[in-house]
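Colleague: With the sequence up front, the predicted model follows.
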Amino acid sequence: MNTYYLHDGNESSGPFGLEELKTKKITSTTPVWCQGMVDWKNAGEVPELRSLLMIVPPPIKVSAPIPEVEKIKKNHLIFGIKRSYFYLASTLLLLIIGTFIFNIVRENRRADLELKNRITEKDNQQYLIQQKEIEQQKKLLAEQEQMEAERIAREKKETITNRLLEIQNTLSDNNNNLEIFKKKLIDASDFKFFRTAEEKREEINLIHNQIQSLKKDIEKLEQENNQLKLELERVH
């Protein structure tokens, strides 16, 4: 069985056995020490001594009695204000807060609506500008296409006209040559001196072939001339 030393704050006493400690009226905060302890402990920290501890009840807090009139008054007050005034003030405060919140919400909605209207108006203006630009581009493109078509038509007309002039000149030359070869054919048929019958026949065949060639050329040129005239009318 362990024996314990006690300390009263100034000096230590002991050692005491468990039976002796019962008479010392130790409490849970009484410093104790026994062999094997590193340092002093409170008696409440030693399991062996807990059954010996004297229980000290806490002091009683005595409050002054509240008069009945004061109790009644306090029952009719909230935060030191009469109930009716408190409820009225609370109602007014709630109305003010509600009105303030309502105004904030309404202003926010109005601001959002104005922002949406501005964005919509801006989008509409941009759309109109884009449409106007598209129309201008279409008009410019149409004008360019018309100018290009007119240029092509002029060039084609000029080409056809030049070709018709060439054909007319060639036809005129061919017709003149045809008359010349016809005359040569008559002269070759009538000429009888200084040549044999074979030479005469070869000369006549040669002139005849030249006449046929000229006729074919004249026919082709006349066909081309007629086609070009029709195409020239379509170009107009």
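Modeller: Okay, I see it. Residues are numbered from 1 along each chain as shown.

Colleague: Tell me how many other residues crowd residue 4.
Modeller: Residue 4 sits with 25 neighbouring residues when counted by other C-beta atoms under 10 Å. Yep, even glycine has a C-beta here, placed from its N, CA and C like the rest.

Colleague: That one reaches residue 34, doesn't it?
Modeller: Yes: using C-beta atoms under 8 Å, residue 4 makes contact with residue 34 at a distance of 4.7 Å.

Colleague: which residues are common contacts for those two?
Modeller: residue 15 (C-beta atoms under 8 Å, 6 or more residues apart in numbering).

Colleague: name the element residue 211 belongs to?
Modeller: Following DSSP states H and E, one finds residue 211 within helix 197-235.

Colleague: Could you list the buried residues of that helix?
Modeller: Judged by neighbour count using 16 or more other C-beta atoms under 10 Å, the buried positions of helix 197-235 are 203, 207, 210, 211, 214, 217, 218, 221, 224, 225, 228.

Colleague: Which strands or helices does that helix pack on?
Modeller: The helices and strands touching helix 197-235, judged by 3 or more C-beta pairs under 8 Å, 6 or more residues apart in numbering; DSSP states H and E, are helix 83-190.

Colleague: average pLDDT across the helix it packs on?
Modeller: For helix 83-190, mean pLDDT is 90.

Colleague: Report the residue ranges of every domain in the chain.
Modeller: What automatic domain parsing lists as the domains of the chain is 4-52, 77-141, 148-235.

Colleague: any idea of the mean pLDDT in the first one?
Modeller: Taken as a whole, domain 4-52 has an average pLDDT of 82.

Colleague: Please report the distance of residue 10 from residue 27.
Modeller: To residue 27, residue 10 is 17 Å away according to C-beta to C-beta, to the nearest Å.

Colleague: and these two? which has more neighbours close in?
Modeller: Neighbours were counted for residue 10 and for residue 27 using other C-beta under 10 Å; residue 27 has more, 14 against 5.

Colleague: Help me confirm that the more buried one comes into contact with residue 53.
Modeller: Yes: with contact defined as C-beta under 8 Å, residue 27 reaches residue 53; the gap is 5.9 Å.

Colleague: Mind listing the shared neighbours of those two?
Modeller: In contact with both residue 27 and residue 53: 43, 44, using C-beta under 8 Å, 6+ apart.

Colleague: one step back: tell me which of the buried residues of helix 197-235 has the lowest pLDDT.
Modeller: Taking pLDDT as the measure, those have their low point at residue 203 (81).

Colleague: How about that one, nearest residue that isn't a chain neighbour?
Modeller: Spatial nearest neighbour of residue 203, excluding adjacent residues (C-beta to C-beta, 6 or more residues apart in numbering): residue 188 at 4.8 Å.

Colleague: At the geometric centre of the chain, which residue sits there?
Modeller: residue 123 (15.4 Å; C-alpha atoms, centre = their mean).

Colleague: Relative to residue 96, how far out is residue 82?
Modeller: Distance from residue 82 to residue 96, by C-beta to C-beta: 20 Å.

Colleague: Compare these two and say which is more crowded by neighbours.
Modeller: Shown here are residue 82 and residue 96; by other C-beta under 10 Å, residue 82 has more neighbours (13 against 10).

Colleague: Please state the offset of stretch 37-47 from the chain centre?
Modeller: Stretch 37-47 has its C-alpha centroid displaced from the chain centroid by 76 Å (C-alpha atoms, centre = their mean, to the nearest Å).

Colleague: surely residue 228 meets residue 167?
Modeller: Yes: at 7.4 Å, residue 228 counts as touching residue 167 under the criterion of C-beta under 8 Å.

Colleague: So for these two, which residues contact both of them?
Modeller: Taking C-beta under 8 Å, 6+ apart as the contact rule, residue 228 and residue 167 have no neighbour in common.
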